[in-house]
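[1] 3D, please:
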Amino acid sequence: MELLSDKPMNIKNITFSCNSAEFIVKLSSSALKQIINECIKAKGNETGGILIGSYSKDGSTALLVEATARPDDSLAGRTTFQRGLKGLKSLLDKRWEAGKYYVGEWHFHPGSSPEPSRDDVESMRRISQDQNYQCKEPVMIILGGCPPLSFTLSGSVFPRGKIPVRLTQEHSLF
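    Model prediction:
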């Protein structure tokens, strides 16, 4: 996938982890490129989608291989985003057949920090407790800044019934 920018970038896979190594998240370069492209298309509005992937056999590592575009029924503005549902069930059904699952959410904070807002944290806590998601430890990746020129990422895990875990990025973006 080519970036929607005339500035060439060599995007790499990124690993996020926590000190205890209880949670490791690996974001593929193709998923990151999709996130960046969607943020560029949003032109200063928040946007987001879901993260699709799988888990290591021991369950300690989430492997994020796909980031979806925002569903058509999403609501977005300069400082707000509510992800819609249109088309996600059929997409997830197809990915399920290939051994890929809903792993979490990605979100864009245009011109701002990638720190999760109170609304972001509450939304992810609800997702972790909602049995329909079948995801007891959803991941949230937030891209903040002005892509493709400058941006940073944050990664967090929201274990069901526990305090959210902020992850540290181990590898550079480029």
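[2] What is the subsequent helix or strand relative to the longest strand seen in the chain?
    Ranked by residue count, the top strand of the chain under DSSP state E comes out as strand 101-110. For strand 101-110, the succeeding helix or strand toward the C-terminus, using DSSP states H and E, is helix 118-129.
[3] Quick one: mean pLDDT over that next one.
    Across helix 118-129, pLDDT averages out at 96.
[4] can you give me the strands in the protein?
    Going by DSSP E, the chain shows strands at 14-17, 24-27, 48-55, 61-67, 75-76, 81-82, 101-110, 139-146, 150-157, 165-169.
[5] Given the longest strand of the chain, what are its sheet partners and their directions?
    When pairing is defined by DSSP bridges, strand 101-110 lines up against strand 48-55 (antiparallel), strand 139-146 (parallel).
[6] Give the buried residues for the last one.
    In this case it means strand 139-146. 139-145 (16 or more other C-beta atoms under 10 Å). For glycine as for every other residue, the C-beta is placed from the backbone atoms N, C-alpha and C.
[7] export those to TSV and tack on distance to residue 168 and pLDDT?
    Below are those laid out as TSV (distance: C-beta to C-beta, whole Å; pLDDT from 0 to 100):
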residue	distance to residue 168	pLDDT
139	14	98
140	15	98
141	13	99
142	14	98
143	16	98
144	16	97
145	18	96
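[8] For residue 107, state which of these is nearest.
    Ranked by distance to residue 107 (C-beta to C-beta), the buried residues of strand 139-146 are led by residue 142 at 5.0 Å.
[9] and the residue nearest to the closest one when sequence neighbours are not counted, how far is that from residue 61?
    Counting by C-beta to C-beta, 6 or more residues apart in numbering, residue 142 lies nearest to residue 114, which is 4.1 Å off, once chain neighbours are set aside. For residue 114, the distance to residue 61 (C-beta to C-beta, to the nearest Å) stands at 21 Å.
[10] just residue 117 next, same as before
    According to C-beta to C-beta, residue 117 stands 27 Å off from residue 61.
[11] cool, and residue 84?
    29 Å.
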